[in-house]
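Colleague: Sharing a sequence plus its predicted fold:
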Amino acid sequence: QSSAGAGAVTQTAAPPVTSYDEMPYPADAMPQTHPEALAVAALLRGMTPAQVENCRVLELGCANGGNLLPMAELLPRSRFVGVDLSSRQIAEGQSMIAALALSNIELFAADLTTLDDSLGTFDYIICHGLYSWVPRPVQKSILALCARHLSAQGIAYISYNTLPGFHKQQIFRGMMRYDTASIKDPDAAARRGLALLEFLSKNTGDEKGVYAQLLREEVERLRELPLSYLFHEHLETDNHPFYFSEFVADAATHGLRFLAEADKSGVELLPKAAQTKLAALRNDEIRREQYIDFLRNSTLRSTLLCRSDLALRREFDPRTIEGLAVRGTAQPEVEFHDVHTQDVVKCSTRFGSASVDHPAFRALVLALHRAQPAALPMAELAARVSEFFGQPMPISEVCEMINYAQRTGFVLLHTQRRPLALRVEERPLVTPLTRLLAKSQLGVNSLWH
């Protein structure tokens, strides 16, 4: 039974031992799930989401709480609840909560289909890496939970494997599951599955063929990932991909509608013919998003949902982001100082490499690059852009550039500034959670989650 902080949730029996108890899959900080990221997406569509500094967050399938703990540590006035079927992982998370003496976060083990209304309402609900990996009745329970527990202006984040791109993954998954059917140990099964793909990649009889190339690419990808990923992605009993349009239709039956994607697609960087096709679909948002998946061969989506009765704004309003802070994520491949240079300025963005030709946009990139890792309020950013550009730039024009920049992977928007160290002091400070994670040799998180 959970403590009163989350509302009493009584279970009739202890959760069963799961494959995640046998081979844990610890959660890491996922920036796209942070309530601030969800709030920004909602603001851009005309919603009035709860303030991140004082909100309620629920994570379904929270593992050991590795995604929620950094949020709870830096947002002490907000409340965080995590639920997972794996008792082992929940116990690990509870140990960390006790070690940190955090009172605003609670994790408990439970079957999602047994949760009742006593949980209360939440401003942000996170469900990452769970929806595709559970049976159909549990998927319906997840959507029902979101509909039942979302506040009036709440946002639900759900990630799932996506077609058409996941068709390729199903080929590998089917072969590995066949080859490892008699192996009970998860670690041994994962190693055997990887060995099979390695064998196949070298023995197709046509090394230059498409099939051999796909096998080699998958082997190279899996070698860089932990065995727990391979097992839970390819060898679990349930892994159901969906077309985006199918997922949205299912959500609609529970009174939920599409809000936005947590991860921008960067469609502005597609060929002009593709952009023309998508522009023709601007009045049919669902079809447009579906065609983006066709163009991108998408394998994963992180979709944000809200209540169906909300009216969402379709067009961008510059006033929406005037009160936000902007953080640059693009890295110029070569340092530059003159935004009016005739040389090509190339940057690595979250979506790949991009050339920056317009002097005003170069001034924006330069101002944000020099401010990293800090985020700049819009007025301060406009002043710096004007300085580098050589003439005043109205905030409205800077906001228009920011709108384009955040859709193409150059920047991220924030509702708050973080207490970042902008230079290395003689005695650098880290948070208690960072110390705890470092001692346990787990990955540590930045203040940007």
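Modeller: Yep, it's here. For clarity, every value in this text was computed on a predicted model and none was experimentally measured.
Colleague: Phi and psi next, for the residue lying closest to residue 410 once chain neighbours are set aside.
Modeller: Beyond its immediate neighbours in the sequence, the residue positioned closest to residue 410 (CB to CB, 6 or more residues apart in numbering) is residue 330, lying 4.4 Å away. Heads up, the C-betas are built off the backbone N, CA and C, glycines and all. Main-chain torsions, residue 330, degrees, to the nearest 10: phi -80, psi 140.
Colleague: Residue 330 against residue 346, yeah?
Modeller: No - taking contacts as CB atoms under 8 Å, residue 330 lies outside contact range of residue 346: 9.9 Å.
Colleague: Common neighbours of the two, please.
Modeller: residue 354 (CB atoms under 8 Å, 6 or more residues apart in numbering).
Colleague: okay, the two: which has more neighbours?
Modeller: Applying other CB atoms under 10 Å to residue 330 and residue 346 shows that residue 330 carries more neighbours, namely 24 against 15.
Colleague: if I look at the closest residue to residue 392 other than its chain neighbours, how far off is residue 356?
Modeller: Nearest non-adjacent residue to residue 392, counting by CB to CB, 6+ apart: residue 386, 4.9 Å away. Using CB to CB, to the nearest Å, residue 386 is found at 18 Å from residue 356.
Colleague: Over to residue 258?
Modeller: 31 Å.
Colleague: got it, and residue 22?
Modeller: 49 Å.
Colleague: between these two, which one's more packed in?
Modeller: The neighbour comparison of residue 22 against residue 356 (other CB under 10 Å) goes to residue 356, with 21 against 14.
Colleague: so what's the closest residue to the more buried one other than its chain neighbours up against?
Modeller: Setting aside the residues directly before and after it, residue 356 is nearest to residue 345 in space (CB to CB, 6+ apart), at 4.5 Å. Residue 345 sits next to 332, 334, 336, 355, 356, 357, 362, 365 when contact means CB under 8 Å, 6+ apart.
Colleague: List the contacts of the host helix or strand of the fourth one.
Modeller: In this structure, residue 355 is located in strand 352-356 according to DSSP states H and E. Applying CB under 8 Å, 6+ apart, the set of residues contacting strand 352-356 from outside is 266, 269, 330, 333, 344-347, 362, 365, 408-410.
Colleague: Which ChimeraX command selects the buried ones in those residues?
Modeller: Listed next is the ChimeraX selection for buried residues among those, using 16 or more other CB atoms under 10 Å:
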select :266,269,330,345,347,362,365,408,409,410
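Colleague: Which of the contacts of strand 352-356 fall in strands?
Modeller: Per DSSP state E, strands hold the following members of the contacts of strand 352-356: 345, 346, 347.
Colleague: Export those residues to JSON lines and append columns for distance to residue 391.
Modeller: Output for these, formatted as JSON lines (distance: CB to CB, whole Å):
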{"residue": "345", "distance to residue 391": "19"}
{"residue": "346", "distance to residue 391": "25"}
{"residue": "347", "distance to residue 391": "23"}
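Colleague: Which parts of the protein are strands?
Modeller: Using DSSP E, strands in the chain cover 56-60, 79-84, 105-109, 122-127, 150-161, 256-261, 300-307, 325-328, 331-332, 345-349, 352-356, 376-377, 411-414.
Colleague: avg pLDDT for the longest one?
Modeller: Here strand 150-161 scores 97 as its mean pLDDT.
Colleague: and if you look at the second one?
Modeller: Averaged across strand 79-84, pLDDT comes to 97.
Colleague: and that strand, how far from the chain's centre?
Modeller: 17 Å (CA atoms, centre = their mean, to the nearest Å).
Colleague: Could you measure from residue 99 over to residue 434?
Modeller: Counting by CB to CB, the gap from residue 99 to residue 434 is 13 Å.
Colleague: out of the two, which sits in the busier spot?
Modeller: For residue 99 versus residue 434, neighbours defined as other CB under 10 Å are more numerous around residue 434 (16 against 13).
Colleague: wait, isn't that one in contact with residue 444?
Modeller: Yes - the criterion here is CB under 8 Å, and residue 434 meets it with residue 444 at 4.9 Å.
Colleague: Residues contacting stretch 311-318, please?
Modeller: Residues contacting stretch 311-318 (CB under 8 Å, 6+ apart): 44-47, 257, 259, 285, 306, 395-396, 399-400, 403.
Colleague: So how do I select the buried members of those residues in PyMOL?
Modeller: Written as a PyMOL command, the selection of buried residues from the contacts of stretch 311-318, which uses 16+ other CB under 10 Å, is:
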select buried, resi 44+45+47+257+259+306+395+399+403
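Colleague: Tell me, how many residues neighbour the residue lying closest to residue 21 once chain neighbours are set aside?
Modeller: Spatial nearest neighbour of residue 21, chain neighbours left out: residue 88 (4.3 Å); criterion: CB to CB, 6+ apart. Using other CB under 10 Å, the number of residues around residue 88 comes to 17.
Colleague: give the contact list for residue 88.
Modeller: So residue 88 contacts 20, 21, 24 (CB under 8 Å, 6+ apart).
Colleague: Output the lowest mean pLDDT helix or strand found in the protein.
Modeller: helix 19-22 (a mean of 74; mean pLDDT, DSSP states H and E).
Colleague: Let's see that one as CSV, backbone CA atoms only.
Modeller: Extracted C-alpha coordinates of helix 19-22, given in CSV (Å, rounded to 0.1, in the frame of the first residue of the first chain):
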residue,chain,number,x,y,z
SER,A,19,11.3,-10.1,-16.7
TYR,A,20,12.3,-6.6,-15.5
ASP,A,21,12.9,-8.1,-12.0
GLU,A,22,15.2,-10.7,-13.6
